[in-house]
Each structure stands twice: as C-alpha cells, then as structure tokens.
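**Student:** everything below, folded, please.
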Amino acid sequence: MIPKLLLATFLLGATTFAQSVNPGKDWERSKPEAEGYSSKRLEALKGYLATIDTTAMMAVHRGKVIFEYGDVASQEFQVQSVRKSLLALLNGKYVADGRIKLEATLDDLGIDDVGGLLPREKRATVRHLLTARSGVFHKNVNPNGGDNLWAAPPRGTQQPGTYFLYNNWDFNVAGSIFEKQTGLDIFDAFEKDIAEPTGLQDFDRRLQAKESDDPTLSNHPAYRFSLTVRDMARIGQLMLQSGRWGERQVVPADWIKTITSLVTPVDQFNPPSERYWAYAEGRPSGYGYMWWVWEDRNSFGPFRGAFSAFGGGHAITVLPALDLVVAHKNGPERAKAAATSCGRSSVSRGAAAAHHRALWPFVRLTRHRVSSSTNPGKRAKQVLAETVERSRP
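**Tutor:** Coordinates of the predicted model:
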C-alpha cells in the first residue's frame, strides 16, 4: 500500500508543464530537480518505503521517470482487479468498429449462466456490466470475495442500470462478451492491441490466465493479468495521453474519456456502508467504466480529471492536471489477503484508501476550494447520519 503523504512527495514540486514524451524500448529518466521535484525528499521516501509492504513503485512526470523503488520489472504478482480497467481499455477499438455494442442486452447476446438468468436480469446491457450496474446478483467463480456480492439484494429485485454493486460477475461476463463478440482471446487481443504498440517491456502472454476457483458456480471465468510496475506505468501514460502513443491512436480518445467519466458517485454506492467508508478513509472516488474516478472532476487543482485502476492494493493512478502517472505493487501478504478477503470492505479497500489519502495533503496546500464532496471528514459524518436515519424503523 502507499502510506499517507507518500504521493504528496511527488506532487509538491510540479508547477510547470511541457510536452510529454513516449518511452522507447526503455523509459527515459530525468533528475527530479529538472522536473520541479526534490531528490532529497525522494531519497527519504525510499527509506520509508523500505519499512512497509510496497514492493515496487514508479512515478512518471511528463513521460519521464522521476522516481523508482524496488524491482519495477518483477512479474511476481497478478494485478488483481486492475484487470477490469485493462478490459475497459481494450474494449475501445471494438466499440468503435461496432463489434461490441454497449446497448446489446444479455438476451440479445445469448448470455446465460448456471441455473439460468431471470428475465429481468437478461435485460442488462453491456454498458451496465462495464459500469457495475447490471442488477444481476448471480454468484461468480471466485466465492472467496473481492467484491460486494455478500451484500446484494435478492435476485430480480433491481432494474438493470439503476443499482450499483461492485460484483465480479459483471466483470467476468464482460470478458466473456468481449471474446464472443470479437472472436478473440482477451490476452491475445491485449498483446496485439495494447502491449505491442506501447512497447510493454515485460508482457508475457504465458503468464496471463483465465481462472475459475469454483466453475460449478458460474460459466464465466476471471481473466487474470500479470504486469510489472514499469508496464503498469506505460498503461497509465497511454491513458494520460487519451489513448495516443507517438503518432498512433492506439485507443479512441473518446473512449478514454467515456471510461474515465463519472457514472456512479460515492453517494450511490451499495451497500450504504461503502459510502461512509469511502469518505471516512479519504478516498472519495466514484466509478466510471471499470475505472475509479475522482468525483470533483470540475474542480481546480491537481485532482482535476484524476482516475485510478485498483486491485488488491496494486494501482495505476493518473493525474492529468500534473502530467503525472504513479504505479505501484504491494507485497505478497497484502496481495494474498486482498485476493481472499470477504468483500471490498477489508484489506483491498484499506490499501486503496491509503493510496487516496496520500493525495489529500497536497490538496490542502493549494487554493483549491474543498467542498463537502472533497472533504472526506465532513462528508463521512453526513453519510453516517443518513445511513443511521435510514436504518431506523
């Protein structure tokens, strides 16, 4: 995880901007002072990182590496739920050419599952799956957690598109639909469409795998990605550049805008306890299309337009206002605990919260107006009061 004040070390210096550069075979590096940062601060940061469960981290400013910690080329861990953000990115080309239709329903596409889907559930669209608003609360192949299915209402009670619940069934089925509609394997498509044009240094097709912990629960496997931190940073740089890499538009720019636009604000999270914890832990990120999106996107300051991919404490965070990308991975104990935790309400949520909290000190040092939506302490109290009131008989 990233500790409090960690990203603030990166953020405090940058005041001027120039044209970003794309890395070649390897990343270009720049002295921190040349980018408006302090080498002394960053060296101190390394000492602190040695005491916590961060195994590797990279910060990229204007396309140049200004900070590295740990083995940024390690393939040791899967990136957990960051996989969902990668699939959202991958969909762009095929949405543009019409092979994936966002308004197609599960019924249209012939999608079903163990025990059968209900008629109402079959009305969920591809768009609903990508935004975790399908209203389908079917069990998925990973019964040990990592989502909020444990808090789902009874099946068939929610109209598709009206109720947000972070449920791995939606994401796994989105993967099945990608393969069915394109005729391509997810990992093969990622290699050709993303890894090759952006020059991912370490992508190994053999390490990518579809997994089903319990295939008797669902027909739709999880698609597990393995990426190194320096390749995660390249994905962040591609997102920062609106899908463009050099002279090539790798992913349509309007699709990048779509998937990183807010669809579900924190106040619509379910179960309601997620709303309270989001603010209490200083991570007021809503949800877009499988990317976590800062809510106050029209604000001035460093977080304008910011978005993140999260999974088991692993993260890619993009701060367009600062021309900054930060990628990191956690150690084996936290990653393992996050992968087997019951719901997002434990280890993985705490790691994401730590990542978000690291950004707030810089906000408080700017002239950025902190509204109730960007003041986690104030909003947490409001949401707690609302939750208590709703729970009264």
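**Student:** separation between the residue nearest to Pro215 when sequence neighbours are not counted and Leu106?
**Tutor:** Distances taken as C-beta to C-beta, 6 or more residues apart in numbering put Val141 closest to Pro215, at 6.1 Å, once the chain neighbours are dropped. Glycine gets a C-beta too; all of them are placed from N, C-alpha and C. Remark: distance between Val141 and Leu106 (C-beta to C-beta, to the nearest Å) = 17 Å.
**Student:** cool, and His314?
**Tutor:** For His314, the distance to Leu106 - C-beta to C-beta - is 30 Å.
**Student:** just want to know which of the two has more residues nearby.
**Tutor:** Set His314 next to Leu106 and count neighbours by other C-beta atoms under 10 Å: His314 wins out with 31 against 23.
**Student:** ok, now which ones touch that one?
**Tutor:** Shown in contact with His314 (C-beta atoms under 8 Å, 6 or more residues apart in numbering): 77, 79-80, 82, 232, 328-330, 335.
**Student:** ditto for Pro154
**Tutor:** Phe137.
**Student:** give me the three-state assignment for it.
**Tutor:** Following DSSP: H, G, I helix; E, B strand; the rest coil, the label given to Pro154 is coil.
**Student:** ok, now His328?
**Tutor:** Going by three-state DSSP: His328 is strand.
**Student:** bridge partners for it, pull those for me.
**Tutor:** Beta-bridge pairing of His328 under DSSP bridges involves Met57, Ala315.
**Student:** so it makes contact with Val229?
**Tutor:** Yes. Applying C-beta atoms under 8 Å as the test, His328 and Val229 come out as touching, 6.4 Å apart.
**Student:** re the thing from before, would you confirm that the residue nearest to Pro215 contacts Lys210?
**Tutor:** No. In this structure, Val141 is not within contact of Lys210 by C-beta under 8 Å, at 9.5 Å.
**Student:** picking that back up, what is in contact with His328 and Val229 at once?
**Tutor:** 56-58.
**Student:** what about the residue nearest the centre of the chain, distance to Gln181?
**Tutor:** Nearest residue to the geometric centre of the chain (C-alpha atoms, centre = their mean): Ala309, 1.8 Å. Distance, Ala309 to Gln181, by C-beta to C-beta: 23 Å.
**Student:** local confidence estimate at His328?
**Tutor:** For His328, the pLDDT comes out at 85.
**Student:** look up how far Val65 lies from it.
**Tutor:** 13 Å.
**Student:** coming back round to it: tell me, what's touching Val141 and Lys210 both at once?
**Tutor:** 221-222.
**Student:** and these two? which has more neighbours close in?
**Tutor:** Between Val141 and Lys210, counted using other C-beta under 10 Å, the more crowded position is Val141 (21 against 17).
**Student:** before we move on, the earlier item: contacting residues around the residue nearest to Pro215?
**Tutor:** 172, 211-215, 217-218, 220-222.
**Student:** so what's it scoring on pLDDT?
**Tutor:** Looking at Val141, its pLDDT reads 93.
**Student:** on the three-state scheme, it is what?
**Tutor:** coil.
**Student:** measure it to Asp202 for me?
**Tutor:** Separation of Val141 from Asp202 (C-beta to C-beta): 27 Å.
**Student:** what does Ser134 give?
**Tutor:** For Ser134, the distance to Asp202 - C-beta to C-beta - is 34 Å.
**Student:** lovely, talk soon.
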